[in-house]
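Trainee: the sequence isn't on hand, but the structure is:
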């Protein structure tokens, strides 16, 4: 089971509960990444001062962009995809009940790759999650019940540790630490500790103000929600709905993708924890399978297609998107990334989130490389980049390469079968086309299906803006560093999840195992680290032998 399934199977929890129940560590966070000034650059050594000044300029431009697009930016970092979700009280009590699964309450779910929200001191949930309120009638009167859903930041805010040990948040970067959240939920659903009595006992230990910390305007709401949760039968019904949703999703997956897609040789275990990857088949197809009209095996993806997260910045530079370039409409492609988490797109999807995040990411700058760069070396590397890389990876480029051409793992390119295509179209239309004037072309004609999704069976050569922050590389994240990609010295196994940076090889540290890492095994189906080799893709240079030339190229790529 993968990350994006969670809300698809949990988003009715609140409604179900209401219908059935009437009469430790701290993270050193720098929210703005860094705040350098030209004065601070004065002490930089000569080879690096120019980059320090350029980095300062870019950081200021990024900060100004975020400030100028504040409302849309909030939708990106903490805007809810859905009007429904797992009840906030249950969500926030999980670390108290099961710290071995969720981490301590103080860590704010760092164990699953999350942590404090650096963009909102009043946030009730860790970064990556969002809240929405559902008005309901209860024995206590009409109140709002708060649910927890995902925000874009679950997948698209990265982290890196700077030279001073600070954790810098990278807005729009792929998250390299997050995990498939359904895995801890399945462990929770199976735990005998999850009982209504235990929930109520833990809730009664929490002071008023715990539910919405640092936000006194919500104290009355908290009192009402707590009182409702403590009514006889409410906690029991919530837990029952929770368990049914989790176990039901698991059974459905096992009967469909588990029995076909993951039945191939060397398939990864879909229930194992992996950092920073997601299963592309789940997001588009699985949450919308109708058990009454179950697809044939031939309609399902033929093999696992777990992929790396993508950067979300500068979408104006990408005429088509996702790894295969199949989603060709900007609004629909952003909506499609979220709609897999919504049980009923026609009524529960927050269309305002799609419009806001599409506007925000269109021109969003990438975060500048936070370490030193020797601009003399970078200047030489720019020549190589323009000669060997820019023709394929230019902004606005639409070049597509089949797996046979580029040699990379083919599984992701083969995901979209007729059933999946139909599900993507139906889901996005249900979420976005709600009135007679929605989903029209400028001339008033209806948006055609092929203007929403147009399968390619290939991979897009994406622009390399902010490439330093998008490691590991290739569509499946199977190569840890740019040096490994260029030289062919690609490890068969490495660790994902570190946020310490490998400045020499350009990528996150991949040879150190910690509590926050998982092993990536390139022998598994969908995980191959092959491709993007030979003269067509690397030019006529032996990059392994031409070490100075490669060092210069990598130095320049840090500045993109």
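Mentor: Perfect, thanks for sending it. Note that this is a predicted model, so its numbers are computed, not measured. Numbers count the residues shown, from 1 in each chain.
Trainee: so where's this structure uncertain?
Mentor: Applying pLDDT under 70 to the chain flags the ranges 1-39, 281-295.
Trainee: run the last query once more with 50
Mentor: Applying pLDDT under 50 to the chain picks out residues 1-37, 283.
Trainee: that one: strands as residue ranges?
Mentor: 29-30, 86-87, 129-138, 141-150, 157-161, 167-171, 277-279, 306-308, 400-401, 459-460, 493-496, 501-502, 507-508, 518-521 (DSSP state E).
Trainee: and the second one, which strands flank it?
Mentor: For strand 86-87, the paired strands and their directions (DSSP bridges) read strand 141-150 (antiparallel).
Trainee: and the partner strand, how far out from the chain middle?
Mentor: 24 Å (C-alpha atoms, centre = their mean, to the nearest Å).
Trainee: try stretch 160-176
Mentor: 15 Å.
Trainee: name the residues of that stretch that are buried.
Mentor: 160-162, 167-176 (16 or more other C-beta atoms under 10 Å). C-beta here means a position set from N, CA and C on the backbone, and glycine is covered the same way.
Trainee: so what would you say the end-to-end distance of it is?
Mentor: 9 Å (C-alpha to C-alpha, to the nearest Å).
Trainee: so who does the residue nearest the centre of the chain touch?
Mentor: Closest residue to the average C-alpha location of the chain: residue 155 at 1.4 Å, with C-alpha atoms, centre = their mean. Going by C-beta atoms under 8 Å, 6 or more residues apart in numbering, residue 155 touches 3, 128, 174-175, 178, 278, 309, 337.
Trainee: how many neighbours does the residue nearest to residue 474 when sequence neighbours are not counted have?
Mentor: Distances taken as C-beta to C-beta, 6 or more residues apart in numbering place residue 408 nearest to residue 474, at 5.7 Å, with adjacent residues excluded. Neighbour count of residue 408, defined by other C-beta atoms under 10 Å: 26.
Trainee: doesn't residue 533 make contact with residue 408?
Mentor: No - the criterion here is C-beta atoms under 8 Å, and residue 408 misses it with residue 533 at 9.6 Å.
Trainee: ok, back up a step: ok, so of the buried residues of stretch 160-176, who is nearest residue 343?
Mentor: Residue 343 lies nearest to residue 175 out of the buried residues of stretch 160-176, by C-beta to C-beta, at 23.6 Å.
Trainee: my guess is that closest one contacts residue 158, does it?
Mentor: Yes - applying C-beta under 8 Å as the test, residue 175 and residue 158 come out as touching, 5.6 Å apart.
Trainee: common neighbours of the two, please.
Mentor: By C-beta under 8 Å, 6+ apart, no residue touches both residue 175 and residue 158.
Trainee: coming back round to it: which of the contacts of residue 155 sits closest to residue 206?
Mentor: For the contacts of residue 155, the nearest to residue 206 is residue 128 (22.2 Å; C-beta to C-beta).
Trainee: with adjacent residues omitted, what lies nearest to the closest one?
Mentor: Per C-beta to C-beta, 6+ apart, closest to residue 128 is residue 154, 3.6 Å.
Trainee: check contacts around that neighbour.
Mentor: 3, 114, 128-129, 175, 178.
Trainee: make it 10 Å
Mentor: By C-beta atoms under 10 Å, 6 or more residues apart in numbering, the contact list for residue 154 reads 3-4, 6, 81, 112-114, 126-130, 175, 178, 181, 278, 309, 341.
Trainee: over to residue 480?
Mentor: 471-473, 490-491, 494-496, 498, 502, 505-511, 520, 529.
Trainee: so how do I select the buried members of those in PyMOL?
Mentor: Under the burial definition 16+ other C-beta under 10 Å, those of these that qualify are selected in PyMOL by:
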select buried, resi 471+472+473+490+491+494+495+496+498+502+505+506+507+508+509+510+520+529
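Trainee: which residues are in contact with residue 473?
Mentor: Neighbours of residue 473 in contact, by C-beta under 10 Å, 6+ apart: 308, 467, 479-482, 484-486, 490, 506-507, 529, 532.
Trainee: which one of those is nearest to residue 435?
Mentor: residue 308 (36.4 Å).
Trainee: quick check: nearest residue in space to that closest one, chain neighbours excluded?
Mentor: That would be residue 477: by C-beta to C-beta, 6+ apart, it lies 3.2 Å from residue 308.
Trainee: run a quick neighbour tally on that neighbour.
Mentor: Residue 477, neighbours per other C-beta under 10 Å, totals 24.
Trainee: quick check: it touching residue 306?
Mentor: Yes - between residue 477 and residue 306 there is a contact at 8.7 Å, judged by C-beta atoms under 10 Å.
Trainee: any residues in contact with both of those two?
Mentor: 274, 277, 527.
Trainee: got TSV for those residues, with neighbour count and distance to residue 345 too?
Mentor: TSV is the format used below for those (neighbours: other C-beta atoms under 10 Å; distance: C-beta to C-beta, whole Å):
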residue	neighbour count	distance to residue 345
274	25	27
277	27	25
527	21	31
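Trainee: quickly note the distance from the nearest residue to residue 195 once chain neighbours are set aside to residue 368.
Mentor: Nearest non-adjacent residue to residue 195, counting by C-beta to C-beta, 6+ apart: residue 239, 7.1 Å away. Relative to residue 368, residue 239 is positioned 47 Å away (C-beta to C-beta, to the nearest Å).
Trainee: pick out whichever of those two has more residues nearby.
Mentor: Between residue 239 and residue 368, residue 368 has the larger neighbour count (other C-beta under 10 Å), namely 26 against 19.
Trainee: that one: what's it in contact with?
Mentor: 33-34, 36, 51, 54-62, 466, 468-469, 558-560 are the contacts of residue 368 under C-beta under 10 Å, 6+ apart.
Trainee: residue 559 too?
Mentor: 51, 54-55, 58, 368-369, 373, 375, 378-379, 381-382, 385, 467-468.
Trainee: of those residues, grab the buried ones for PyMOL.
Mentor: Buried residues within the contacts of residue 559, by 16+ other C-beta under 10 Å, are selected in PyMOL with:
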select buried, resi 51+54+55+58+368+369+373+375+378+381+382+385+467+468
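Trainee: tell me which entries of the contacts of residue 559 lie within helices.
Mentor: 51, 54-55, 58, 375, 378-379, 381-382, 385 (DSSP state H).
Trainee: could I get these as TSV with distance to residue 104?
Mentor: Listed next are the ones in helices among the contacts of residue 559 as TSV, based on distance: C-beta to C-beta, whole Å:
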residue	distance to residue 104
51	39
54	41
55	35
58	37
375	44
378	43
379	48
381	45
382	47
385	45
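Trainee: which one of those is nearest to residue 357?
Mentor: Distances from residue 357 to those, taken by C-beta to C-beta, are shortest for residue 58, at 22.1 Å.
Trainee: distance of that closest one relative to residue 330?
Mentor: Distance from residue 58 to residue 330, by C-beta to C-beta: 24 Å.
Trainee: ok so, going back, nearest to residue 547 among the buried residues of stretch 160-176?
Mentor: When those are compared against residue 547 (criterion: C-beta to C-beta), the nearest one is residue 160, at 25.3 Å.
Trainee: so that closest one bridges to which residues?
Mentor: residue 168.
Trainee: circling back to that earlier point, so can I have TSV of the buried residues of stretch 160-176 showing distance to residue 197?
Mentor: Converted to TSV, those look like this (distance: C-beta to C-beta, whole Å):
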residue	distance to residue 197
160	43
161	42
162	46
167	38
168	43
169	39
170	43
171	42
172	44
173	43
174	41
175	36
176	39
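Trainee: list just the nearest of the residues you listed to residue 459.
Mentor: After measuring those against residue 459 - C-beta to C-beta - the closest member comes out as residue 174, at 16.5 Å.
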